[in-house]
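Asker: I would like to see how this sequence folds:
(chains A and B)
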Amino acid sequence: MAWGLARAVRGGVRELDPRLETRIPAFRSIRQLTDSWRWAKSNRAGMTSGRHMKLAGFFLLVAGWAIVLAAMALLAATARTAFVLAGIGVEVLGLALAARSHRIVGVEDPERSRRGGHA
Amino acid sequence: MTPVPSGLSEAASCVCTFSILLIPFASAGLALMNAGLSRSRNAAHTMLASLVVVGVAAGAYFVSGFSWQAYPGLPSHVVELGGRSWDWIGADRFMMRGLKLDGSPASLAAWLGMMSVGVAALVPLGAGAERWRLAACAASTALFAGWTYPLVAHWVWGGGWLAGLSSTNGLGRGYFDAGGSGTIHAVGGVTALAVAWILGPRRAKYTLDGTPSALPGHNGVFVLVGCFAAWLGWLGLNSAGAILFTGSDPGVVALVGINTSLCASSAGLASLAATRARFGKPDASLAANGWVAGLVASSAGCPLFRPSAAVLIGAAAGALVAVTVPWFESKLYVDDPGGAVAVHGLGGLWGVMAVGLFGKFPSPTSEGAGASGQWLAQLIGIATLVGVVLPMTYGLNWLLDRYYPQRVPAEAERQGLDLYELGAGAYPEFMTHTDEFSQR
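Answerer: Numbering: from 1, shown residues only, chains lettered A, B, ... in the order given. Here you go, the predicted structure:
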């Protein structure tokens, strides 16, 4: 509703006088608000396959830490070190996936990159 | 970590107070560096954003930060897991209402925390420079200073589970981080990575085939003066941390000062040498970044390292920065104008690990814990910083971005944030902007 109201106000203002926005700060603020919402919306619609990779990456980061924590809480000293290292290995994998997913979003999709590289 | 005494001697209180007074120089140094490394059209915005960030961080830390960070002996939430007690988060009253501000160790820790959180919050600003809205930057800082930083600070300095790895698992002295390599800088560094990912690269930073373009900063003098200011601030940060969070004697400040200075010097020289070997000439901005990376790496173990080890640790940090800053830019496509991810993130993690490799603990504690297993405790700290803090800070900033886009519109980047957000440039008499956008 607020969005519709802002859009209607903006359209009305434009019809009345295109220069009004530059003269009255409140109208300019409304324009900036609607612009930024539209910009955010278009970026969300343009999600690439990097999204799944990103989710998997962050999941692995948390999972790796969970392995480390579980090893500390539940295991004896001898097995603990190996599981801590394994947990860190999982985290490294997650970090690599997360980094790769943002590389796709930021650079390899020229259209997204032109719009501003929003993640 | 070494149990913290319930009271400080008069000498320790004096040294600690003087050290805390130096910390704003670290903030000023980082702000100058960020401004110098950004283009002239964004210089005033970057400086103002630094001031805003420090102010918002202090406010958020006052409202909720210290209550969640707490200090050993103050209330906290403890969970039983695997038959052991794990201290997760502080439970002091909001707005420091449960704290007597009388010069006690807890009150000095609150003051130190308020200064430190400003330094930590400045780190992401370096990565998001030239494209981060001022208001979004302030909102992100409030989340950082009100939640992310205090949570980690409690685990390390507030009697939390990382510091308690000694008593729960018999790992050395528990996770040790005297001056905040991990707690301040690595937390700031991973937040910087999250911010850089969410904001995306600056327009014109990469060509359509992915080649990075050089967008050099506008003032090398700012950057190098920032190094000197940061040095002074770090001497205070490390000294105060060593006394308040590790229970060291006030006389340790001599060792802390020597180690901090040696680390920074060797790091600066190493990055100079590395850039000269690689590019044929020494690179001023990378050398400055190397200098700060040395300061960052010195923080965790400054009261423990021998001076010769400090030289090695600093040299490794400087070389690491000289290699990783271009790597982040060209291989991972992380556009980080201030080099925050490499300097504070990787430098901080290296400093944390250096405690396990080079730290010499003076004597076993009264409980009989030595340094055995210290490296594992430090490794668990690193796993926590990467496995918890990065997803958490990314999630918080992503949520914020969903409801209030953090990045400025394309027009603002073209115009410069000084004019777009502030209405006036930093250098009104000298309009030397060129259009870097022709390649797109």
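
Asker: Quick check: mean pLDDT of stretch B:44-54?
Answerer: Averaging pLDDT along stretch B:44-54 gives 97.

Asker: Quick check: which ranges of chain B have low pLDDT?
Answerer: Chain B contains residues with pLDDT under 70 at B:1-6, B:363-371, B:431-440.

Asker: Looking at chain A, which helix is longest?
Answerer: Scanning chain A for the longest helix, with DSSP state H as the assignment, gives helix A:77-103.

Asker: tell me which residues in that helix are buried?
Answerer: Residues A:80, A:83-84, A:87-88, A:90-91, A:93-95, A:97-99, A:101-103 are the ones in helix A:77-103 that count as buried (16 or more other Cβ atoms under 10 Å in any protein chain shown). In this view, the C-beta of every residue, glycine as well, is placed from N, C-alpha and C.

Asker: That one - contacts with which helices or strands?
Answerer: Packing contacts for helix A:77-103, counted by 3 or more Cβ pairs under 8 Å, 6 or more residues apart in numbering or on different chains; DSSP states H and E, involve helix A:50-74, helix B:374-384.

Asker: Tell me which residues are up against the shortest one.
Answerer: Residues external to helix B:374-384 that are found in contact with it (Cβ atoms under 8 Å, 6 or more residues apart in numbering or on different chains): A:64-65, A:68, A:72, A:80-81, A:84-85, A:87-88, A:91, B:152, B:155-156, B:162, B:165-166, B:169, B:171-177, B:182, B:186, B:349, B:352-353, B:355-357, B:359, B:361.

Asker: what's the weakest-modelled helix or strand in chain A?
Answerer: Here the helix or strand of chain A ranked lowest by mean pLDDT, DSSP states H and E is helix A:110-115, holding a mean of 46.

Asker: Would you mind listing what in the stretch 1-150 of chain B touches chain A?
Answerer: B:81-82, B:84, B:86 (Cβ under 8 Å from any Cβ of the partner chain).

Asker: now swap in the stretch 201-350 of chain B and tell me
Answerer: By the rule Cβ under 8 Å from any Cβ, the part of the stretch 201-350 of chain B lying against chain A is B:201, B:203, B:206, B:208, B:210, B:332-335.

Asker: Not counting sequence-adjacent ones, nearest residue to residue 74?
Answerer: This is for chain A. With sequence-adjacent residues excluded and distances taken as Cβ to Cβ, 6 or more residues apart in numbering or on different chains, residue A:74 is closest to residue B:82, at 4.9 Å.

Asker: try chain B instead
Answerer: In space, residue B:74 is closest to residue B:92, 5.0 Å off (Cβ to Cβ, 6+ apart).

Asker: ok, back up a step: relative to helix B:374-384, how tilted is the longest helix of chain A?
Answerer: On the basis of axes from the mean of the first three to the mean of the last three Cα atoms, to 10 degrees, helix A:77-103 is oriented at 30 degrees to helix B:374-384.

Asker: Give me the residues contacting stretch B:159-166.
Answerer: Stretch B:159-166 has contacts (Cβ under 8 Å, 6+ apart) with A:72, B:1, B:70-73, B:76, B:85-89, B:154-157, B:168, B:171-175, B:365, B:367, B:369, B:377, B:380-381, B:384.

Asker: let's see 7 Å
Answerer: For stretch B:159-166, contacts defined as Cβ atoms under 7 Å, 6 or more residues apart in numbering or on different chains pick out B:1, B:72, B:76, B:86-88, B:154-156, B:171-175, B:369, B:377, B:380-381, B:384.

Asker: low-confidence ranges in chain A?
Answerer: Residue ranges of chain A with pLDDT under 70: A:1-49, A:104-119.

Asker: Could you break it into its assigned domains?
Answerer: Domains of chain A are assigned by automatic domain parsing as A:2-45, A:50-115.

Asker: Report the angle between the helix or strand where residue B:347 lies and helix B:374-384.
Answerer: Assigned by DSSP states H and E, residue B:347 belongs to helix B:347-358. Between helix B:347-358 and helix B:374-384, the angle comes out at 160 degrees (the same axes, to 10 degrees).

Asker: pull the CA atoms of helix B:347-358 into PDB?
Answerer: What follows is helix B:347-358 as a C-alpha-only set of coordinates in PDB (Å, rounded to 0.1, in the frame of the first residue of the first chain):
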ATOM      1  CA  GLY B 347      46.400 -10.600   9.400                       C
ATOM      2  CA  GLY B 348      44.200 -11.100  12.400                       C
ATOM      3  CA  LEU B 349      43.900 -14.900  11.800                       C
ATOM      4  CA  TRP B 350      47.700 -15.100  11.400                       C
ATOM      5  CA  GLY B 351      48.200 -13.300  14.600                       C
ATOM      6  CA  VAL B 352      45.900 -15.700  16.400                       C
ATOM      7  CA  MET B 353      47.700 -18.700  15.100                       C
ATOM      8  CA  ALA B 354      51.100 -17.100  15.900                       C
ATOM      9  CA  VAL B 355      50.300 -17.400  19.600                       C
ATOM     10  CA  GLY B 356      50.100 -21.100  19.200                       C
ATOM     11  CA  LEU B 357      53.300 -21.300  17.200                       C
ATOM     12  CA  PHE B 358      55.500 -18.700  18.900                       C
END
